[in-house]
Structure formats: C-alpha cells, structure tokens
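S.K.: Okay, structure incoming, though there's no sequence with it:
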C-alpha cells in the first residue's frame with residue numbers, strides 16, 4: 001500500500017493529510033486561523049505565514065499519527081505550490097520538500113485548483129468518517145450522488161471550481177487533462193459573497209454568514225440580471241455587488257474617496273437584510289447554473305466535477321444536484337470538509353498522478369501566486 005503525505009498552506013489553513021492508493025483518506029488535519037484574522041475582516045498575509053510556521057510540524061506529525069502509520073510508511077510527499085499567498089505557500093512547500101529530500105521520497109507539486117476539481121473522488125475510511133462526523137456536528141455527507149468510487153466512465157466531463165479566489169469552468173478529458181473554457185473577469189463568487197456580507201454588516205467569515213442570513217429570506221426581493229459577456233462561458237460578479245451596494249446604502253454623492261452615502265447597513269431591518277442576502281446568493285448561483293448549461297449545450301459531458309470552498313454552500317449544492325439530475329450527468333462533489341482548503345485533496349491529486357505513471361516533480365519547482373489552470377495552461381502531462 002502506498003501512502004502520500006499531503007501538505008496545504010496556500011492561505012490561512014495549515015493542513016496535512018495521508019491518502020492511500022485507493023484515494024481513501026487515512027487522516028485529515030486542519031488548523032484554522034479564523035481567530036487570528038477575524039478582527040481585521042479578512043486574511044492578513046504576514047500573520048498567516050507566521051502562524052503556518054508555528055503549526056506546520058505539529059500538524060504533519062498529527063496527520064501521520066492519526067493515519068496509524070509511521071514515517072517509514074510514507075511513500076511520497078505532495079504540497080500545494082500554487083496559487084495562493086506566497087509567504088504561506090513557501091511554508092508548506094518547504095516543509096514538504098524537506099521531508100521528501102530527507103527521506104529520499106518523490107515530491108509532487110500540486111496545483112491547488114486541480115486538487116479542488118477532483119476532491120470529490122476522495123474516499124473516507126470508517127475511522128476517519130467517525131472522527132469527521134463528530135467534528136462536523138452531524139453534517140450530512142457532501143456528495144449529492146455519493147462519493148465516486150473511481151474515475152472510470154466519468155470522462156469527458158465538465159469541471160467547476162467555485163471559491164474565494166477562483167470561479168473557473170473546465171473541459172476535462174481525464175484527471176490530468178484540463179482545459180480552461182470560462183472564468184470570472186472580475187470577482188470570484190466567494191469573494192463577491194464575502195464583500196456582499198460586508199455590505200450587509202454580517203462580518204467575517206463573510207460567505208458562511210451570508211448563507212446563514214439568507215436562510216428564510218425572499219430570494220426574489222431584489223432582481224439581478226445575468227451579465228452578457230463576449231465569452232458566453234465567462235462569469236462577472238461586479239455588477240451584482242454594485243447593485244447590492246446601491247440598494248443598501250443608496251446612490252453615492254461625489255466620487256472616489258470623497259463619496260458619501262445616504263444610509264448604511266445599520267438602517268436595514270432584519271427582514272430586509274435576510275431578503276437581500278437571499279437575493280444576492282440566488283443571483284450568484286443562477287449565474288453559475290447558466291454557465292454550466294451553456295457549457296453542456298456546447299459539448300455534452302458524462303459528469304460534473306465541482307470543488308472549492310463555496311461548494312460547501314447548501315443552496316449551491318442543491319442547485320448543482322438538480323441541474324446534474326436534469327442533465328443525466330454524474331455529480332462528483334466533495335464532502336463539505338473537503339470543499340474548503342485541505343491537504344487530503346492535495347495528497348489525493350498526487351495519487352491520481354501516480355496512477356498515470358507520473359514520477360513527481362523536481363525539488364526546485366517554485367511556488368507561484370497564480371494557478372496554471374487559471375491561466376489556461378494544462379497541468380503536467382505524463383510523458
């Protein structure tokens with residue numbers, strides 16, 4: 001049995017996991033930094049990187065211990081090397097490279113976006129599932145169609161990553177052949193939801209707070225138009241934000257730093273705040289579904305692979321499930337805990353590459369702030 005140790009530190013989560021050759025998650029440890037960044041309303045890069053330095057070794061040791069194996073059982077090491085905050089990425093990538101070099105193991109440099117795409121293929125062992133159940137406070141399994149037991153018969157497929165930094169649409173020929181076909185031209189869905197939460201006075205973390213506020217709200221209270229763009233598969237969220245801003249605060253007087261508004265989020269009633277949150281969330285999800293429909297109409301697919309932190313949103317999960325069922329497509333969606341940044345998806349993607357005969361990457365592989373997939377480039381192909 002081969003065990004890959006995965007390390008993830010692209011933003012503000014210090015994570016390590018062990019995944020075996022069958023894509024079973026043997027352990028998955030995540031150290032959150034929410035308490036460190038909450039007072040700033042967002043992630044502070046310097047604070048994040050320093051916290052990674054403090055937590056990386058204890059998290060790695062716990063992941064190996066929780067997997068019930070020893071250091072000598074690890075057969076390869078993987079790390080997320082892009083995209084993300086450079087200071088944060090360097091901590092995790094350096095730890096992984098040091099581990100691989102010290103034990104003469106293969107090293108896999110993983111693109112964070114690609115890992116999100118295929119996180120729905122991860123399997124959960126009985127022991128790990130029990131631990132996760134307790135940690136999730138009884139949350140239901142994430143996949144609308146159950147975790148995929150393998151990748152056979154799922155391609156060609158459509159891939160969708162919806163997160164705080166990315167909203168991208170892919171055509172997938174296999175787990176290692178990805179072609180970018182659509183992306184946001186401004187904000188990602190997760191970023192737009194975070195900013196909408198700020199406008200509504202909901203605080204950090206914005207996306208989850210927006211989702212909670214939207215529960216029970218009237219999603220038709222404020223109508224948003226679908227953007228018409230030169231590329232029909234691209235996304236745009238800036239117009240939604242502007243409309244919400246004007247609805248909450250009124251039309252600004254003046255320009256730039258001198259602009260003033262006639263009211264603030266404090267003037268909203270609780271009912272109106274819920275309605276606006278529900279309307280904004282509905283509009284963002286409607287745009288995602290519209291672009292998926294256009295992609296499927298252009299070129300049929302057998303499955304839809306989705307990933308990214310926003311996929312933990314229950315309304316989006318329901319919409320994706322209904323859309324996939326109507327299209328007769330398999331939905332491959334991760335459990336909620338594998339939607340947010342985690343190391344299991346990093347190790348899992350390395351295992352997928354190993355299945356294709358990939359021997360790994362050079363230890364000189366750099367960290368980068370931008371995904372090669374987001375730039376429209378394919379991930380590393382097996383020679």
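M.R.: Arrived safely. Source: prediction; values computed, not measured. Residues are numbered from 1 along each chain as shown.
S.K.: and the spatially most central residue of the chain, backbone torsions?
M.R.: Centroid-nearest residue in the chain: residue 308, 2.0 Å away (criterion: C-alpha atoms, centre = their mean). For residue 308, the backbone dihedrals (degrees, to the nearest 10) come out as phi 110, psi 160.
S.K.: is it true that it touches residue 336?
M.R.: No - look at residue 308 against residue 336 with C-beta atoms under 8 Å: they stay out of range, at 11.7 Å. Yep, even glycine has a C-beta here, placed from its N, CA and C like the rest.
S.K.: residues contacting the nearest residue to the residue nearest to the centre of the chain once chain neighbours are set aside?
M.R.: With C-beta to C-beta, 6 or more residues apart in numbering as the criterion, residue 308 has its nearest non-adjacent residue at 3.4 Å, and that residue is residue 163. Contacts were defined as C-beta atoms under 8 Å, 6 or more residues apart in numbering; by that measure residue 163 touches 116, 188-190, 307-310.
S.K.: let's see 10 Å
M.R.: Residues in contact with residue 163 (C-beta atoms under 10 Å, 6 or more residues apart in numbering) are 11, 112-113, 116, 188-191, 207, 307-312, 339-341.
S.K.: Next one: it from residue 243, what distance?
M.R.: Using C-beta to C-beta, to the nearest Å, residue 163 is found at 23 Å from residue 243.
S.K.: got it, and residue 26?
M.R.: Distance from residue 26 to residue 243, by C-beta to C-beta: 47 Å.
S.K.: out of the two, which sits in the more crowded spot?
M.R.: For the pair residue 26 and residue 243, the greater number of neighbours falls to residue 26 (25 against 17), based on other C-beta atoms under 10 Å.
S.K.: Need the three-state assignment for that one.
M.R.: At residue 26 the chain is in strand, as set by DSSP: H, G, I helix; E, B strand; the rest coil.
S.K.: Helices of the stretch 201-350 of the chain, start to end?
M.R.: Along the stretch 201-350 of the chain, counting by DSSP state H, counting those that start in this stretch, helices occupy 206-214, 238-249, 270-298, 314-327, 344-355.
S.K.: just the ones you listed: most buried one?
M.R.: helix 344-355 (a mean of 28; mean count of other C-beta atoms under 10 Å).
S.K.: pLDDT on that helix, on average?
M.R.: What helix 344-355 shows for mean pLDDT is 96.
S.K.: same question, stretch 320-327
M.R.: Here the average pLDDT along stretch 320-327 is 97.
S.K.: Distance from it to the middle of the chain?
M.R.: 20 Å (C-alpha atoms, centre = their mean, to the nearest Å).
S.K.: what's the answer for stretch 319-330, then?
M.R.: Here stretch 319-330 shows a centroid-to-chain-centroid distance of 20 Å under the convention C-alpha atoms, centre = their mean.
S.K.: I figured residue 369 hits residue 85, correct?
M.R.: Yes - taking contacts as C-beta atoms under 10 Å, residue 369 lies within contact range of residue 85: 7.5 Å.
S.K.: what do those two both touch?
M.R.: Going by C-beta under 10 Å, 6+ apart, residues that sit against residue 369 and also against residue 85 are residue 10.
S.K.: quick one: which of those two has more around it?
M.R.: Counted by other C-beta under 10 Å, residue 369 and residue 85 do not tie: residue 85 has more neighbours, with 21 against 12.
S.K.: Which residue is the nearest non-sequential neighbour of that one?
M.R.: Nearest one to residue 85, counting by C-beta to C-beta, 6+ apart, is residue 45 at 4.8 Å.
S.K.: try residue 280
M.R.: residue 196 (4.8 Å).
S.K.: Just give me the neighbour total for that neighbour.
M.R.: Residue 196 has 29 nearby residues by other C-beta under 10 Å.
S.K.: And the pLDDT for it?
M.R.: For residue 196, the predicted pLDDT is 96.
S.K.: Output the below-cut-off pLDDT ranges for the stretch 101-250 of the chain.
M.R.: By pLDDT under 70, the weakly predicted segments of the stretch 101-250 of the chain are 125-152.
S.K.: make it 80
M.R.: Where the stretch 101-250 of the chain drops to pLDDT under 80, the residues are 125-152, 204.
S.K.: now the strands for it?
M.R.: 107-111, 123-124, 157-162, 167-174, 177-183 (DSSP state E, counting those that start in this stretch).
S.K.: can you tell me which residues contact residue 217?
M.R.: 270-282.
S.K.: For it, which non-adjacent residue is closest in space?
M.R.: residue 278 (3.0 Å).
S.K.: is it true that the one you found touches residue 219?
M.R.: Yes - taking C-beta under 10 Å as the definition, residue 278 is a contact partner of residue 219 at 4.3 Å.
S.K.: Overlap of the contact sets of the two?
M.R.: Common neighbours of residue 278 and residue 219 (C-beta under 10 Å, 6+ apart) are residue 315.
S.K.: okay, now the domains of the protein?
M.R.: Using automatic domain parsing, the domain parsing of the chain gives 3-142+336-355, 157-332.
S.K.: can you put those domains in JSON lines and add distance to residue 373?
M.R.: JSON lines is the format used below for these (distance: least, C-beta to C-beta, whole Å):
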{"stretch": "domain 3-142+336-355", "distance to residue 373": "5"}
{"stretch": "domain 157-332", "distance to residue 373": "6"}
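S.K.: Out of those domains, which is closest to residue 361?
M.R.: Of all the domains of the chain, the one in closest proximity to residue 361, counting by C-beta to C-beta, is domain 3-142+336-355 (4.2 Å).
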